Structures are given as structure tokens and as C-alpha cells.
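Trainee: this one's sequence-less:
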């Protein structure tokens, strides 16, 4: 059986920027093992699989090693594929995830896609010795969300200079580690490390901004924020804090369209 596959660079206007994700729009669900094998073969941070239902698409995300609860850039990439290659015309695209509930994506002007995600809950962490040792720099504040740790630092320059110990990071009980500071030219900057998921450093992490946005919205006393993820590829995001929901906007471009044999 042949299956169409797309590789999309998300959270960027230019090719080879942002975060690449693979997207497969399926007629029906493949086995979990097959989807995991496809994700491993792709060897990208995420591969998204979607199946059309009556008034929505079911959506799942796989890293090369595991299925995850939520992935922002692969959701953005899936919406881009549906709007550009599957003839979806409505302004709002509705996804349903068994792990994260309803996820909405709006198609705006200038090819900007806006995702509507649930806000993460943050809890202050006082015991941070193991986290500090793994990251290599002591944070000002440490929080734990649903799946990730969030570490706050004094400056963008510190975020740029971080060189974590990935062996120690892999021993922490979390999906990943977000490090963040106020930005020099944007409201806030971040990086994201997730060796537990087979991703040493993720280029751009949409889901991490459900954790970052409520923190920086309260810290900077504003609801609309600009963000930059400081990976090698880099990515730009627009974020809006709406209490229980977060809007995360970005662009995307297509790198590859092909077929795989299953």
C-alpha cells in the first residue's frame, strides 16, 4: 500500500527554518506499531497522523521513540497540509486528540495559522538540584507543568550559552526541559530539550508555549506576546493568553511531498 507523506517546516516563512514535521493523512488508522515504525524511519522530532471524521480530524503524534500527548509544530504542519493539499476551505479546522481533547486551528491572512490549545498548569518546584546539574546553570525559578519542567533565567545570553548534560537530562522524570528568559528583541526566548523522547534539542516546540505563555503573560503584564525559540534552525511564534486557552500562531512551508510503502 502506498501512503502520501508530507514534510513541512513549521513556525517559519523560509525553507530550512523552523521545525520539520512529517504528516500522513490516513483513510483509517494504521496499527500503533506501524505508525511508530514510520516515525522512527522518518527520524524527525514528530510525525503526525490524521484521520477524517464527520466534522473533524482525529490526530496523533509520534516521535522516533514514543507517542506524545501534544505537539504544536506537527499540528500546525497537519493544518497546513489539509488547507493546501486536501482542499479544506473552512476558516476553522477542528482536531480531536484522545490525549489532549479538542484543538482548533484557524487559517488567517498572510498564511498565518493560529492554534487554540489548552493552557498548561504550572507548579513551583523547590528541589531543583538534579535539574540544575543536568542543565549546568542555576535558574531563577523552576516550575513543573503537565509534562515539562520550565526554568527561568536572567537573560537571553544565558539561554544561548546553555550546554546541557543530556545523559543527566534523560534521567529526569519529564517529557522535556524548557529554559527561558526575557528576549532582547521579542517578549521572551526559549530552548527545549527532550532526550527522553529521542529529541536532544527540539528546533521549535509549539506545545511548550502553552507553558511559557501564561508565565510570561503574567510576568510582563500583557496577553499578546512575541516569542523566539533559539535553536540552530530557529523559529518565531505569536502567542495570546486567554485564561484556560492559549493561541499560538505561526507560518509553515512545504519541503517534501512523497510516497511511502506500507
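Mentor: Structure received. What you see is a predicted model, and the numbers here were worked out from it, not measured in a lab. Numbers count the residues shown, from 1 in each chain.
Trainee: any regions of this protein where pLDDT drops low?
Mentor: Within the chain, the segments meeting pLDDT under 70 span 110.
Trainee: do you have the helices of the protein handy? List them.
Mentor: Ranges of helices in the chain, per DSSP state H, are 32-42, 72-85, 129-135, 156-161, 166-169, 209-220.
Trainee: most tightly packed of these?
Mentor: The densest packing among the helices of the chain, expressed as mean neighbour count by mean count of other C-beta atoms under 10 Å, is seen in helix 72-85 with a mean of 26. Where you see a C-beta, it was placed from the backbone N, CA and C, and this is true even at glycine.
Trainee: who's in contact with it?
Mentor: Residues outside helix 72-85 that contact it (C-beta atoms under 8 Å, 6 or more residues apart in numbering): 6, 8, 10-11, 18-19, 21-23, 25, 45-48, 50, 57, 59, 61, 88, 93, 95, 103, 105, 107, 113, 115, 117, 204-210, 235, 248, 250, 252, 254, 257.
Trainee: how far does it sit from its chain's centre?
Mentor: Put simply, helix 72-85 sits 13 Å off its chain's centre (C-alpha atoms, centre = their mean, to the nearest Å).
Trainee: how about residue 206, what does it touch?
Mentor: Here residue 206 is in contact with 10-11, 71-73, 75-76, 115, 117, 237, 248, 250 (C-beta under 8 Å, 6+ apart).
Trainee: again but with residue 258, I slipped
Mentor: By C-beta under 8 Å, 6+ apart, residue 258 lies in contact with 4-5.
Trainee: and what of residue 132?
Mentor: Contact partners of residue 132, counting by C-beta under 8 Å, 6+ apart, are 138-139.
Trainee: beta partners for residue 150?
Mentor: In this structure, residue 150 bridges to residue 143, residue 178 when assessed by DSSP bridges.
Trainee: isn't it up against residue 122?
Mentor: Yes - assessed by C-beta atoms under 8 Å, residue 150 is found in contact with residue 122 at 6.8 Å.
Trainee: residue 262: neighbour count?
Mentor: Burial of residue 262 is recorded as 13 neighbouring residues (other C-beta atoms under 10 Å).
Trainee: from residue 147, how far out is it?
Mentor: Distance of residue 262 to residue 147, given as C-beta to C-beta, to the nearest Å: 30 Å.
Trainee: now swap in residue 129 and tell me
Mentor: From residue 129 to residue 147 the distance is 21 Å (C-beta to C-beta).
Trainee: need the residues touching each of residue 150 and residue 122.
Mentor: 143-144, 211, 215.
Trainee: can I get these in JSON lines including distance to residue 186?
Mentor: Below are those laid out as JSON lines (distance: C-beta to C-beta, whole Å):
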{"residue": "143", "distance to residue 186": "20"}
{"residue": "144", "distance to residue 186": "25"}
{"residue": "211", "distance to residue 186": "17"}
{"residue": "215", "distance to residue 186": "15"}
